[in-house]
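> Build me a model from this:
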Amino acid sequence: MNTVSSPMRLHFPQTTLDPSGFNKPQLRYSTTITCGLRKPLRPRRRTDGVLSTEAIQAVQSLKLAARNPSKLRQVFNSKLNRLLKDDLLDAFAELQRQQRLDLALMVFEFIRSEAWYEPDHSLYSDLMLMFGKKKLIDRVEKLFSELIEEGLKPDTRAYTELIGAYLKVDMIEKAMKTYESMKASGCIPDELTLTIMIRNLENAGRDDLAAIVKNDCGEYLDSPKKFLKEVARKYPKRLRLNLV
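Here you go, the predicted structure:
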């Protein structure tokens, strides 16, 4: 991990990076979220409830320069280089809120190069959530691996974001394998994890696997019957039609 600040932290390609990391023109996505992941994160706010002028200007400048690598360098060197820690984290969160994952990923790499940076679960999980919604599974898996490489032990949320991403693209076996790895690591599934597993497995017609997760509720929850009843009420099984 590089902890030395320098005027030039990022290498910009000749074309704008898309969220998957490949060099190609920037794409806009429109996705309906059905896997039950957390709602989009709100940016970190100061005590007065408003982003600083510097953070707002940095976000606007990044968006304006998004398609021009040369201008992006200038923005990073002239604006982000001067942001305080809180303002930089605010800008990062705001870009995620606006679904500008290409820019958010660049800012994340910039944050990692700052002298004050320490590996943080929430920074990785925030990005995993956003990329999972875009069905960019390779990117989610890479972030999960990088989290471990930086010396962090995956927490409940990191596992949940990875599981949710797999379920969103119907990778049932990988979702179950990750769920089992989560339990084996000593990381306890929370109500969100269990809800995502149950509703998606049932909707996929895998009642056998859903039954395994439901059985685990007795071990991990204080009121498993109440929880399962509430899940059934909020998320009834979808009608599955056998088309001939």
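> Which residue ranges make up the domains of this structure?
Listed domain ranges for the chain are 1-117, 119-244 (source: automatic domain parsing).
> Kindly reformat these as a markdown table containing mean pLDDT and mean neighbour count.
C-betas here are computed from N, CA, C, even on glycine. Shown next, in a markdown table, are these (pLDDT from 0 to 100; neighbours: other C-beta atoms under 10 Å):
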| stretch | mean pLDDT | mean neighbour count |
| --- | --- | --- |
| domain 1-117 | 71 | 16 |
| domain 119-244 | 92 | 17 |
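> Against Thr195, how distant is Gly218?
Look at Gly218 and Thr195: by C-beta to C-beta, to the nearest Å, they are 15 Å apart.
> ok, and Ala91, which helix or strand is that part of?
In this structure, Ala91 sits in helix 85-97 according to DSSP states H and E.
> What helices and strands are in contact with that helix?
helix 53-64, helix 101-112, helix 121-133 (3 or more C-beta pairs under 8 Å, 6 or more residues apart in numbering; DSSP states H and E).
> Repeat the analysis, applying 6 Å as the threshold.
helix 53-64, helix 101-112 (3 or more C-beta pairs under 6 Å, 6 or more residues apart in numbering; DSSP states H and E).
> how about it as CSV, C-alpha atoms only?
Taking C-alpha atoms only, helix 85-97 is exported to CSV below (Å, rounded to 0.1, in the frame of the first residue of the first chain):
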residue,chain,number,x,y,z
LYS,A,85,-9.8,14.1,4.7
ASP,A,86,-13.5,14.6,5.5
ASP,A,87,-14.1,16.5,2.3
LEU,A,88,-12.5,13.8,0.2
LEU,A,89,-14.6,11.1,1.8
ASP,A,90,-17.7,13.3,1.2
ALA,A,91,-16.8,13.6,-2.4
PHE,A,92,-16.3,9.8,-2.7
ALA,A,93,-19.7,9.1,-1.1
GLU,A,94,-21.4,11.7,-3.3
LEU,A,95,-20.1,10.2,-6.5
GLN,A,96,-21.5,6.8,-5.4
ARG,A,97,-24.8,8.4,-4.5
